[in-house]
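Peer 1: Sequence first, predicted coordinates after that:
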Amino acid sequence: MSEPNCEVTGKRKYLSEREALDTATHQLTLPNAPKNLRAYLCSWCETWHLTKNAAKK
Ligand SMILES: [Zn+2]
């Protein structure tokens, strides 16, 4: 199963918010992990991506 990354963002695609968040939880336990990861729904490819950018008001 070869699923290419998002053509627009180059990010890995996740099929659901849950899948993205599960991956984020795992990645945050790794050395040199970003301090924060959040999932967002990509408006281009309509799958979920992870971003290191914290949501700001
Ligand atoms: Zn995308």
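Peer 2: The structure has been received and is ready for your questions.
Peer 1: Could you report the pLDDT at residue 34?
Peer 2: Listed pLDDT for residue 34 reads 87.
Peer 1: now residue 45
Peer 2: Reported pLDDT for residue 45: 96.
Peer 1: pretty sure residue 3 is touching residue 13, no?
Peer 2: Yes: Residue 3 lies in contact with residue 13 (C-beta atoms under 8 Å); the separation is 6.0 Å. The way it works is simple: take the backbone N, C-alpha and C, and place the C-beta from them, glycine included.
Peer 1: Backbone torsions only: list them for the spatially closest residue to residue 41 that is not a sequence neighbour.
Peer 2: Using C-beta to C-beta, 6 or more residues apart in numbering and skipping the chain neighbours, the partner closest in space to residue 41 is residue 48 (5.7 Å). Per-residue torsions, residue 48: phi -100, psi 140 (degrees, to the nearest 10).
Peer 1: can you tell me the distance between the two ends of stretch 29-44?
Peer 2: 29 Å (C-alpha to C-alpha, to the nearest Å).
Peer 1: ok, back up a step: tell me the spacing between the residue nearest to residue 41 and residue 32.
Peer 2: For residue 48, the distance to residue 32 equals 23 Å [C-beta to C-beta, to the nearest Å].
Peer 1: And those two? Which one has more around it.
Peer 2: Each of residue 48 and residue 32 has its neighbours counted (other C-beta atoms under 10 Å); residue 48 has more, 21 against 4.
Peer 1: and that one, what does it touch?
Peer 2: Contacts for residue 48 (C-beta atoms under 8 Å, 6 or more residues apart in numbering) come out as 13-17, 19-20, 39-42.
Peer 1: Check it and give its pLDDT.
Peer 2: At residue 48, pLDDT is 98.
Peer 1: Tell me how far it lies from residue 31.
Peer 2: 25 Å.
Peer 1: circling back to that earlier point, and residue 3 and residue 13? which has more neighbours close in?
Peer 2: residue 13 (17 against 9).
Peer 1: hang on, isn't that one packed against residue 6?
Peer 2: Yes: with contacts counted by C-beta under 8 Å, residue 13 reaches residue 6, the gap being 5.8 Å.
Peer 1: Between these two, which contacts overlap?
Peer 2: 42, 45, 47, 49.
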